[in-house]
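> predicted structure and sequence below. I'll ask about it afterward.
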Amino acid sequence: MARINDNYLKLAAGYLFPEIARRVNAFAEANPEAKLIKLGIGDVTEPLPEAIRTAMIRAVNEMGKSESFHGYGPEQGYAWLREAIADHDYKARGCEIDASEIFVSDGSKCDSGNILDILGHDNTIAVCDPVYPVYVDTNVMAGHTGGANEDGRYEGLVYLPMTDANSFEPALPESPVDVVYLCYPNNPTGATASRETLKAWVDYALANNTLILFDAAYHAFITDEDVPHSIYEIEGARKCAIEFRSFSKNAGFTGTRCAFTVVPKGLTGKASDGSDVEIHGLWNRRQSTKFNGVSYIVQRGAEAAYSEEGKAQIEELVGFYMENARLIREGLIAAGMTVFGGINAPYVWVKTPDGVSSWDFFDQLLNEAHVVGTPGSGFGASGEGYFRISAFNSRENVEEALQRIGAKLAV
Ligand SMILES: *Cc1c(COP(=O)(O)O)cnc(C)c1O
């Protein structure tokens, strides 16, 4: 009889989006005439930029001729894409990241989970709370935790609360941790980390031999000049950090799939015999063994994100979502609500009025305004009393949702 991985049975808390779907379906069945507006799940809505589509069509046509057909590509990604990434995302911002340190993949979600393959099982692991659930659940699956308590917190993980009481700046862990996940601009709170904050994390990591897993999926939404886009803008980060990036949110690739992970050479971890081992080589081995690369067509599309037209079209796309974010932010403030985020990130983090719970506010908004958002408590115990509203939607839907919420609050 095949044994299963019992750790999966601990994943009781993974109910957020299914529970939202259940409540939305029940509402829709009872109110078939209601027009629901979904500002919940963080998926993009606007079309893939033209420069990217053109590059992909060209690549499809190349695949149709034997002279220009492409079979398996390098597991790490094509050199031309890795070089474009190194030049535009890193060298242009003063970060010394070489193309050979970039690993192209089909998603940051997978990479941030797969990275555990090359890490040991006895690390002390810290996550922010609220948190992107992937970081937590993949550690549960890997057997790095005990069970969950009634707040959904897993035994064995170090939770770093991030609330308005600490201006969404989690305190450094009280005792040393081996690995910490950071996501900036932050999903779900929309908070950003200043240069000083990131420097404090890098200094902490260097002093404590901590590995920082830095998720920069939303870097393109940064509007403030002085907010770093990459952890490698901080001196010393090459010695302590891996960075995850994705084309999903900036270039609209959620359904197209392309991302990358940066593993600097010289970044090391400890083997159980006490020796220092380069993480770059381990990740290269892991990817070459378990991954066969992203499709040629998709990588050509990703490359076009760095052309002059591609960059301009992405800027416009990001600008469109950020205008939605501004409207949501200002609309909710005008309706008397306390809001955070939405300035350097496509998420607005709302404090629920009158201290109602996240789920009660979800039900209220669903029943009275027919608007769907995401309860903050679903992202962690410290998200209780908050609510996430996403700027990924059409202008029309955002405006109508705001009107309904405003109208509701006025009565
Ligand atoms: C959307 C998102 C990603 C991107 O995931 P992909 O698998 O590349 O689509 C990564 N991290 C966070 C926090 C996200 O919200």
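Alright, I've got the coordinates. Numbers count the residues shown, from 1 in each chain.

> and Gln287, what does it touch?
Glu75, Gln76, Phe103, Ser105 (Cβ atoms under 8 Å, 6 or more residues apart in numbering). C-beta: built from backbone N, CA, C; applies to glycine.

> how far away is it from Thr210?
Gln287 sits 24 Å away from Thr210, going by Cβ to Cβ, to the nearest Å.

> in three-state terms, how would the spatially most central residue of the chain be classified?
Nearest to the mean C-alpha position of the chain, by Cα atoms, centre = their mean, lies Ala217 at 4.8 Å. Three-state call for Ala217 (DSSP: H, G, I helix; E, B strand; the rest coil): coil.

> and the pLDDT for Glu19?
On pLDDT, Glu19 comes in at 88.

> please name the nearest non-neighbouring residue to it.
Gly378 (7.6 Å; Cβ to Cβ, 6 or more residues apart in numbering).

> I'd say that neighbour and Ser357 touch.
No - using Cβ atoms under 8 Å, Gly378 and Ser357 do not qualify as a contacting pair, with a distance of 11.4 Å.

> okay, the two: which has more neighbours?
Higher neighbour count among Gly378 and Ser357: Gly378, with 24 against 15, using other Cβ atoms under 10 Å.

> gap between the closest residue to the ligand within the stretch 51-200 of the chain and Ile20?
Closest residue of the stretch 51-200 of the chain to the ligand, Cβ to the nearest ligand atom: Gly107 (2.9 Å). Applying Cβ to Cβ, one obtains 22 Å for the distance of Gly107 from Ile20.

> now Gly274
To Ile20, Gly274 is 47 Å away according to Cβ to Cβ.

> low pLDDT regions in the stretch 1-150 of the chain?
By pLDDT under 70, the weakly predicted segments of the stretch 1-150 of the chain are 12-14.

> now with 80, please.
Judged against pLDDT under 80, the low-scoring parts of the stretch 1-150 of the chain cover residues 12-15, 41.

> which bits of it sit near the ligand?
Gly42, Gly107, Ser108, Lys109, Tyr132 (Cβ under 6 Å from any ligand atom).

> looking at neighbours, which among those residues is most surrounded?
Within these, most neighbours by other Cβ under 10 Å means Ser108, with 24 neighbours.

> which ones are touching it?
By Cβ under 8 Å, 6+ apart, the neighbours of Ser108 are Asp215, Ala217, Phe244, Arg245, Ser246, Ser248, Ala259, Thr261.

> if we use 6 Å, what do you get?
Ala217, Phe244, Ser246, Ala259 (Cβ atoms under 6 Å, 6 or more residues apart in numbering).

> residues contacting the first one?
In other words, Ala217. By Cβ under 6 Å, 6+ apart, the neighbours of Ala217 are Ser108, Ser246, Lys249.

> next one: phi and psi at it?
phi -60, psi -30 (degrees, to the nearest 10).

> in space, what's closest to Glu75 - neighbours in sequence excluded?
In this structure, Glu75 finds its nearest non-sequential neighbour in Ser288, 4.7 Å apart by Cβ to Cβ, 6+ apart.

> so where does that neighbour fall, helix or strand?
Here Ser288 sits within helix 279-290, counting by DSSP states H and E.
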